[in-house]
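Trainee: heads up, no residue letters with this:
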């Protein structure tokens, strides 16, 4: 076995040595020459010491099942992993996020082969991210990407073991930086009223002495803004009454609504879980949807047109018009997704069983429903304690004390 640097012919016609080490050895009397892909001599020696015995074993018919995978460039494994994710039918944003995390890890540790991926390297990367000020949730997203890739390597027969076995997620409960709060029923009513009123106010009123043409144009503008306000109010009402996410509401079609059966179906293409799901509709929602449906609407039309759907700037403006603080004194936030928090919290307020609340929220884990999406500040804790049937309390006395 001999380490060499291959020569090449330069542009000026001279022969020069390459920068990357290669190994030259004999197997069964035949000369073999392979690039080691590194400029470091010590690394080249270690790679050659592993490559030559494996070549001998292969010639003898003793094949390492992971030998080919070890020789592949890490970029090839990442490309194959990306193809596997895309084949699962997940959204492109998810695939992009996973690959960005993995490529950041690879760049940080300087990995070129699978053997370069180690637990200490990944741990050091995550620790640096944490110390740089990244939230626990953001660090865990990168942890999940690494673990998912490690498990894929084992299942795809690329590695005998998960190189990231031993990594542990951070406790997100200790470092929540974007805590949403639920709206009270009064705040929700104010939001809907302010949304309608703000849209109409933007249309203005024509001058009393305006010409008929200008007055007619003003009336058309006013009618248009009234429709806009009603559409936005319907979006908020649907979010409050169904807990549907923004993307699910954007893609909601009239054919997804069973107004006679009071039910809405969330298609697999729209649902976060990529499974068909359904939610029952409140009678008030059914009335609003019946009134909002255009006479010429076809089943595949979206319930809310793309140009009518409120963005984050519009939502914040509607909050201000309703006199609702975006961020309260405790740092809790009201954004569009807080309407989903409100829906789930209201279920708890009305005494819905936690398991039923989880089903209506379409959560895989009840801890997500109760821990993240239930705002306990809307609950009457004093009344809950006062209703305990403690010994020595007359029947009905605890209820009267809490009234």
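Mentor: All right, it came through fine. Keep in mind it's a predicted model, so treat the numbers as computed, not measured. Numbering: from 1, shown residues only.
Trainee: would you list every one of the helices in the stretch 251-400 of the chain?
Mentor: Counting by DSSP state H, counting those that start in this stretch, one finds helices in the stretch 251-400 of the chain at the ranges 283-292, 312-322, 338-349, 354-361, 366-367, 381-386, 397-402.
Trainee: between those, which gets nearest to residue 275?
Mentor: With distances scored as Cβ to Cβ, the stretch of the helices of the stretch 251-400 of the chain nearest to residue 275 is helix 354-361 (13.0 Å). For every residue, glycine as well, the C-beta is placed using N, CA and C.
Trainee: What average pLDDT does the closest one get?
Mentor: For helix 354-361, mean pLDDT rounds to 94.
Trainee: And the contacts of it?
Mentor: With contact meaning Cβ atoms under 8 Å, 6 or more residues apart in numbering, helix 354-361 is reached by 243, 279-280, 340, 343-344, 347-348, 352, 365-366, 368-370, 373-374.
Trainee: are any of those residues buried, and which?
Mentor: Buried by 16 or more other Cβ atoms under 10 Å: 243, 279, 340, 343-344, 347-348, 369-370, 373-374, out of the contacts of helix 354-361.
Trainee: Out of those, the closest to residue 177 would be?
Mentor: Nearest to residue 177 among the buried ones among the contacts of helix 354-361, counting by Cβ to Cβ, is residue 373 at 16.7 Å.
Trainee: mind listing what the closest one touches?
Mentor: 340-341, 344-345, 361, 363.
Trainee: Take the residues you listed and write them to a markdown table, including distance to residue 95.
Mentor: As requested, these are exported to a markdown table (distance: Cβ to Cβ, whole Å):
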| residue | distance to residue 95 |
| --- | --- |
| 340 | 24 |
| 341 | 28 |
| 344 | 29 |
| 345 | 33 |
| 361 | 26 |
| 363 | 23 |
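Trainee: separation between the residue most central in space within the chain and residue 50?
Mentor: For the chain, the residue sitting closest to the mean C-alpha position, by Cα atoms, centre = their mean, is residue 94 at 6.9 Å. Between residue 94 and residue 50 the distance is 36 Å, computed by Cβ to Cβ, to the nearest Å.
Trainee: residue ranges for the helices of the stretch 101-250 of the chain, please.
Mentor: All helices of the stretch 101-250 of the chain, identified by DSSP H, counting those that start in this stretch, fall at 119-131, 136-155, 185-203, 212-242, 246-250.
Trainee: Now stretch 295-306: buried residues?
Mentor: 302-304.
Trainee: nearest to residue 26, of the helices of the stretch 251-400 of the chain?
Mentor: Nearest to residue 26, of all these, is helix 366-367, at 61.5 Å by Cβ to Cβ.
Trainee: roughly how far out does stretch 114-130 sit from the chain middle?
Mentor: Between the centre of stretch 114-130 and the centre of its chain there are 23 Å (Cα atoms, centre = their mean, to the nearest Å).
Trainee: I meant to write stretch 371-387 there.
Mentor: Its chain's C-alpha centre and that of stretch 371-387 lie 29 Å apart, by Cα atoms, centre = their mean.
Trainee: follow-up on the earlier one: widest-spaced pair of the contacts of helix 354-361?
Mentor: The most widely separated members of the contacts of helix 354-361, counting by Cβ to Cβ, are 280 and 365 (21.5 Å).
Trainee: Perfect, that will be all.
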